[in-house]
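Colleague: based on what follows, work out the 3D shape:
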Amino acid sequence: RICLAHPAMPALYVLFDTATWLAPLKKELDTLEVPVVEWDLTTLEVDLLAEPPAGVFFNRVSASCHTRGHRETAEFGRQVVLWLQAHGRRVINGGTPPGSALDMELSKIKQTVEIGRASC
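Modeller: Residues are numbered from 1 along each chain as shown. Next up is the predicted model:
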């Protein structure tokens with residue numbers, strides 16, 4: 001087992017839209033003593049003109065969040081990921097190029113094109 005906790009280790013910021021889906025991940029990270037800061041993008045206000053905090057960011061925003069009453073959260077999440085990456089922050093599940101993970105989830109056309117490429 002790898003110990004991820006370290007006194008000088010920056011926090012893991014988890015970007016999410018559904019708290020119930022975060023619970024199992026949070027429980028495991030607590031077991032590993034990983035410092036976690038929750039960013040609920042359905043309510044969080046982010047100053048995109050400021051520099052983001054130091055740390056590692058884990059994007060858990062779901063493209064289907066609109067079905068749970070959070071119509072604009074996926075697009076806001078994409079913008080937050082782009083802001084983080086523009087400041088050199090490591091974003092897990094941010095995509096390459098930046099923001100493409102959510103782009104892929106949100107675009108049926110992109111999904112269809114990629115499926116076509118993979119099946120050739």
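Colleague: C-alpha only now, for contacts and for neighbours.
Modeller: Noted.
Colleague: gap between residue 115 and residue 108?
Modeller: As judged by CA to CA, to the nearest Å, residue 115 and residue 108 stand 10 Å apart.
Colleague: tell me what the helix or strand where residue 114 lies is packed against?
Modeller: Here residue 114 sits within helix 108-118, counting by DSSP states H and E. Secondary-structure packing of helix 108-118 (3 or more CA pairs under 8 Å, 6 or more residues apart in numbering; DSSP states H and E): helix 100-106.
Colleague: what mean pLDDT does the helix it packs on have?
Modeller: Per-residue pLDDT values over helix 100-106 give a mean of 67.
Colleague: across the sheet, point out what pairs with residue 39.
Modeller: residue 15 (DSSP bridges).
Colleague: surely it and residue 14 touch.
Modeller: Yes: here residue 39 reaches residue 14: they are 5.7 Å apart, a contact under CA atoms under 8 Å.
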